[in-house]
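>>> Turn this into a model:
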Amino acid sequence: MLSERLQKRLSKDRPMTTITLRIPVDVVESLKELAPLKGFSGYQTLLKQYLSEGLRRDEAQLGTSPAALLLEALRRRGVPEDVLEAAVRDLAA
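Take a look at the predicted model:
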C-alpha cells in the first residue's frame, strides 16, 4: 500500500505554486539545448526533473522517501531502468 505522501507525489492534479528563481543565462541556454535531447518538451520541465531527482536523492539519504524505496524495490524486481526513468519524468511533468 502506498503511503499518503507518495500518493500525493503521484497525483497529477496536486496543487502548484509559482516561484521566481534567478538562474544564470548560460544555465538556461544549456537547459534549453539539453531538454529535447533528453526527451523533454521544454527546459522548465527538465529543470523540474532535476529538482525532483535531487529531492528524491536527499530524501533517500535521510530515509524519508517512499518514492525512492519504491523505485529500489522495482529495480530489484527487474524493472528496466529506462521504464523507471520514464515514469519519474511523467511524475515530474
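>>> CA atoms for contacts and neighbours, from now on please.
OK.
>>> and the residue nearest to Ser41 when sequence neighbours are not counted, what helix or strand is that in?
Of all residues not flanking Ser41 in the chain, Ala35 sits nearest, at 6.6 Å (Cα to Cα, 6 or more residues apart in numbering). Using DSSP states H and E, Ala35 maps to helix 25-37.
>>> helix or strand right after that helix?
helix 43-62.
>>> now the following helix or strand past that next one: how far from the chain's centre is it?
Counting by DSSP H and E, the next helix or strand C-terminal to helix 43-62 is helix 66-76. Centroid separation between helix 66-76 and its chain, computed with Cα atoms, centre = their mean, to the nearest Å, is 14 Å.
>>> same thing with stretch 46-59?
With Cα atoms, centre = their mean, you get 5 Å for stretch 46-59.
>>> now stretch 47-62
7 Å.
>>> Output that stretch as CSV - backbone C-alpha positions only.
Taking Å, rounded to 0.1, in the frame of the first residue of the first chain, the C-alpha atoms of stretch 47-62 are listed here in CSV:
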residue,chain,number,x,y,z
LEU,A,47,14.6,21.8,-14.6
LYS,A,48,11.7,20.3,-12.6
GLN,A,49,13.1,16.9,-13.3
TYR,A,50,16.5,17.9,-11.9
LEU,A,51,14.8,19.3,-8.8
SER,A,52,12.8,16.1,-8.4
GLU,A,53,15.9,13.9,-8.8
GLY,A,54,17.8,16.0,-6.2
LEU,A,55,14.9,16.0,-3.8
ARG,A,56,14.4,12.2,-4.1
ARG,A,57,18.1,11.6,-3.6
ASP,A,58,18.3,13.8,-0.5
GLU,A,59,15.1,12.2,0.9
ALA,A,60,16.6,8.8,0.3
GLN,A,61,19.7,9.7,2.2
LEU,A,62,17.6,10.8,5.1
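>>> how close does the residue nearest to Ser41 sit to Pro24?
17 Å (Cα to Cα, to the nearest Å).
>>> Which one's more surrounded, these two?
Between Ala35 and Pro24, Ala35 has the larger neighbour count (other Cα atoms under 10 Å), namely 17 against 8.
>>> What separation do you get for the more buried one and Glu29?
For Ala35, the distance to Glu29 - Cα to Cα - is 10 Å.
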